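J.: coords below, sequence missing:
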């Protein structure tokens, strides 16, 4: 969670860039013992962890991400439900067309049977 606290990282980066800018502008390159590495273990467990109020922003950020994820999940579920409903509708339409074809086939079979009976009687 300490790595997600972006404001503190940004401030540390700005301080480091400012300090490096003043060192370069003076054209004297002394050994800078006060510079801290941002990715060091001390930085991870140092000032960010010691102040519990720094985590309020992280918690708010995570809460916003979770709400966004929940909204995305709800949209995916609704689209999935819409797809299922559409598949059911297509199946119903196909069954209706199949039933109409069965009806036409039955009508043609009855007509051919009656013609065959008339031919049999006439023969």
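T.: Cool, got the structure. Everything numeric here is computed off the predicted structure, so don't read it as measured data. Numbering: from 1, shown residues only.

J.: Which per-residue confidence value corresponds to residue 25?
T.: For residue 25, the pLDDT comes out at 59.

J.: count of residues packed around residue 57?
T.: Around residue 57 there are 14 other residues, counting by other CB atoms under 10 Å. (C-beta placed from N, C-alpha, C; glycine too.)

J.: Within the helices and strands, which one has it?
T.: helix 55-122 (DSSP states H and E).

J.: Looking at that helix now, give me its mean pLDDT.
T.: Mean pLDDT, computed over helix 55-122, is 94.

J.: Give me the packing partners of that helix, helices and strands only.
T.: Contacts defined by 3 or more CB pairs under 8 Å, 6 or more residues apart in numbering; DSSP states H and E place helix 55-122 against no helix or strand at all.

J.: Offset the numbering so it begins at 29, please.
T.: Okay, residue one is now 29; in that scheme the one you just asked about reads as helix 83-150.

J.: What is the burial count for residue 86?
T.: By other CB under 10 Å, 18 other residues sit near residue 86.

J.: Could you do the one 5 residues further on as well?
T.: By the criterion of other CB under 10 Å, residue 91 has 10 neighbours.

J.: tell me the contacts of it?
T.: Counting by CB atoms under 8 Å, 6 or more residues apart in numbering, residue 91 makes contact with nothing.
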